[in-house]
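[1] I would like to see how this sequence folds:
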Amino acid sequence: MKYVFQYSEIKSMTLASFCDEIRKKNTGKKLNEFLMKDLIIDSETDEIIYHGTGIYFFKGNSDKMVYVGKASSKSFTERISCHFDPRKFAWFNSLLKHKEFPYTQGNTSDTFEYEARMAYDNLKLVLVNFNAEFDKIGKLESLMRSCLPDLINKTKKETSDNDFVKTIEILLS
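    Numbers count the residues shown, from 1 in each chain. From the prediction side, this is the model:
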């Protein structure tokens, strides 16, 4: 099951084909099957995920995209775990706090723990690693937030239909 893409392999894809690729049923790794090393070494290829920065997607049970984020100033290992901190006062668990999160029960410590457990049991993770061209991480995250319809962190800016046939590299240049 593929869960790591390298920017070099997706940059020549059209935006539409990349969206189709990450939506595939066999794309992504369930969070409850993840080991810490899976954020450092791609378990499919046994290659180091070097630099460990880029964008990441959380997919729900129906393989629809729930959330897209970026790891640019921090690595995947530092950024992703912060989303699931069950403490109400945690600084980066906005995924659990978001009113559109599929498992939201309210804003109490008990429910954050419940939501974190539900996320571990139901979400898949997909990584897009940037080995270079780090200035494009934020651009790609913003682009994905504007074109994926079901995200809870969708931007208001919409991507035009013409952009779906353009390659990612052209869109980010």
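[2] Please identify the helix or strand for the residue most central in space within the chain.
    Against the mean C-alpha coordinate of the chain, by CA atoms, centre = their mean, the closest residue is F57 at 1.6 Å. Assigned by DSSP states H and E, F57 falls within strand 54-59.
[3] for the record, mean pLDDT for the very next helix or strand once past that strand?
    The helix or strand immediately downstream of strand 54-59 is strand 65-71, counting by DSSP H and E. For strand 65-71, the mean pLDDT works out to 92.
[4] neighbouring contacts of strand 65-71?
    Here strand 65-71 makes contact (CB atoms under 8 Å, 6 or more residues apart in numbering) with 22-23, 52-60, 78-80, 83, 95, 101-102, 123, 137-138, 140-141, 144-145, 148, 150-153. The way it works is simple: take the backbone N, C-alpha and C, and place the C-beta from them, glycine included.
[5] Need the three-state assignment for D121.
    helix (DSSP: H, G, I helix; E, B strand; the rest coil).
[6] I figured it was touching N32, is that so?
    Yes: at 5.5 Å, D121 counts as touching N32 under the criterion of CB atoms under 8 Å.
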